[in-house]
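Trainee: Based on what follows, work out the 3D shape:
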Amino acid sequence: QVQLVESGGGSVQAGDSLRLSCAASGGTFSSYAMGWFRQAPGKNRDREFVAAVNWNGDSIYSGDSVKARFTISRDNAKNLVYLQITSLKPEDTAVYYCAAAPSRWALSRGEYDYWGQGTQVTVSA
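Mentor: Below is the predicted model:
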């Protein structure tokens, strides 16, 4: 079973960039597709699926709402997955979660079985 720990969040200004990291342990990292999700503040907000990368990093997905600003990548040698975010906007404020799916590629939230605790990103105007 894989354990995931996110880092790299913080409070930033609109227009800034951030790189979130997710460190995986306890499993064979290359066996998992990896994804990033976010949950904005407020009651009953769903976790939005923002990006995914396949097992070896040669296929990626970015959600329509974040395409061109969010880029996912992975380093299987270091058991890390990243989310590079550019041109941050106040509406990007959310808790960002890393997740792992026990398959080579996963494009639906229900396929992701393992989750980190999240890292907060706050963007001020």
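
Trainee: going forward, measure contacts between C-alpha atoms and count neighbours the same way
Mentor: OK.

Trainee: In terms of secondary structure, what does the lowest-mean-pLDDT helix or strand in the chain contact?
Mentor: Sorting the helices and strands of the chain by mean pLDDT, DSSP states H and E puts strand 60-62 at the bottom, at a mean of 93. On a contact count with 3 or more CA pairs under 8 Å, 6 or more residues apart in numbering; DSSP states H and E, strand 60-62 meets strand 48-53, strand 70-75.

Trainee: Specify the local secondary structure of the most centrally placed residue in the chain.
Mentor: With distances taken as CA atoms, centre = their mean, the residue of the chain nearest its centroid is Trp36 (2.2 Å). Following DSSP: H, G, I helix; E, B strand; the rest coil, we place Trp36 in the strand state.

Trainee: Which residues are in contact with it?
Mentor: Neighbouring residues of Trp36 by CA atoms under 8 Å, 6 or more residues apart in numbering: Phe49, Val50, Ala51, Ala52, Leu83, Tyr96, Tyr97, Cys98, Ala99.

Trainee: and what of Gly27?
Mentor: Contacts for Gly27 (CA under 8 Å, 6+ apart) come out as Gln1, Val2, Gln3.

Trainee: Touching, the first one and Phe29? I think so.
Mentor: Yep, that's Gln1 we're talking about. No - between Gln1 and Phe29 there is no contact, the gap being 10.1 Å when judged by CA atoms under 8 Å.

Trainee: Which one's more surrounded, the two?
Mentor: Taking neighbours as other CA atoms under 10 Å, Gln1 and Phe29 compare with Phe29 leading, 24 against 9.

Trainee: and the closest residue to the more buried one other than its chain neighbours, how many residues sit next to it?
Mentor: Ranked by CA to CA, 6 or more residues apart in numbering and with sequence neighbours excluded, the top spatial neighbour of Phe29 is Asn79, at 5.9 Å. Asn79 has 16 neighbours, counted by other CA under 10 Å.
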